[in-house]
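Enquirer: Please work out how this folds:
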Amino acid sequence: AESGRSLDLTMSDATSIPFADDAFGSVLALGLMEYIADPTDVLSEMARVIQPGGTLVLSIPNRRSAFIFIDDVLKSIKNILTQILMPHPLRRAIKSLLGKPDAAYFTHKRHRFNPDTVVGQLNDLGFEIEAHRYHTFGFGLLNRVRLNLWLCRKFESYAGTHPNLEQLGWTIVLKAKKLS
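Expert: A predicted model of the protein is given here:
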């Protein structure tokens, strides 16, 4: 149902958000930080626009995840083998037929974060962590493979009661409150 309220959308550089200081009660940044050239500048800018007492919800790829490390190795091997075993013109023609670019297997490897470092940065910016949750277990390269799905579900079910196991998750979501 229509609420009668309008919504203004604004697109901007995340390092220069076009709003006043303390403009928002909440900022949600999921799936953003790994693609940003300078994540520290973005954290500072988010801190600037959040009101005291406001909430930041932030997700970051977990550098300590064994799953990410293994997946990166598997993707690198896949890329090398593909380039060695399939001549460039043939690979380009096949990918063109499939509607895919002739590029290495995509990975959001630009930035991986040590959660303790990010928590320290948020504390330095005047935030207090209220909650955190690691999630997404398994191997991205094996996405949709039954064994991988089973493994992911098992890890998810045990993660909440086993802190060391929990920290293997690909991603950590942090909820932080701006103190002042």
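Enquirer: Where do the strands of this structure begin and end?
Expert: Along the chain, the stretches classed as strands by DSSP state E are 24-29, 50-61, 127-135, 171-178.
Enquirer: Run me through the strand neighbours of the longest one, direction for each.
Expert: In the sheet, strand 50-61 lines up against strand 24-29 (parallel), strand 171-178 (antiparallel) (DSSP bridges).
Enquirer: ok so, going back, adding distance to Leu9, mean pLDDT and mean neighbour count, write the strands of the chain out as JSON lines.
Expert: To be clear about C-beta, it is placed using only N, CA and C from the backbone, and glycine gets the same treatment. Shown next, in JSON lines, are those (distance: least, C-beta to C-beta, whole Å; pLDDT from 0 to 100; neighbours: other C-beta atoms under 10 Å):
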{"stretch": "strand 24-29", "distance to Leu9": "14", "mean pLDDT": "96", "mean neighbour count": "14"}
{"stretch": "strand 50-61", "distance to Leu9": "19", "mean pLDDT": "96", "mean neighbour count": "19"}
{"stretch": "strand 127-135", "distance to Leu9": "26", "mean pLDDT": "92", "mean neighbour count": "16"}
{"stretch": "strand 171-178", "distance to Leu9": "24", "mean pLDDT": "95", "mean neighbour count": "20"}
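Enquirer: Tabulate those (CSV), appending distance to Leu165.
Expert: Shown next, in CSV, are the strands of the chain (distance: least, C-beta to C-beta, whole Å):
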stretch, distance to Leu165
strand 24-29, 26
strand 50-61, 18
strand 127-135, 9
strand 171-178, 14
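Enquirer: Out of those strands, flag the one nearest Val118.
Expert: Val118 lies closest to strand 50-61 among the strands of the chain, at 5.8 Å (C-beta to C-beta).
Enquirer: so how far is that closest one from its chain's centroid?
Expert: Centroid separation between strand 50-61 and its chain, computed with C-alpha atoms, centre = their mean, to the nearest Å, is 14 Å.
Enquirer: cool, stretch 115-124 as well?
Expert: 16 Å.
Enquirer: any idea of the mean pLDDT in it?
Expert: What stretch 115-124 shows for mean pLDDT is 96.
Enquirer: measure stretch 92-112 end to end?
Expert: 30 Å (C-alpha to C-alpha, to the nearest Å).
Enquirer: now swap in stretch 81-95 and tell me
Expert: Terminal-residue distance, stretch 81-95 (C-alpha to C-alpha): 16 Å.
Enquirer: quick one: contacts of the helix-or-strand element of the chain with minimal mean pLDDT?
Expert: One helix or strand of the chain scores below all others by mean pLDDT, DSSP states H and E: helix 163-166, with a mean of 75. Helix 163-166 is touched from outside by Tyr134, Phe155, Tyr158, Ala159, Gly160, with contacts defined as C-beta atoms under 8 Å, 6 or more residues apart in numbering.
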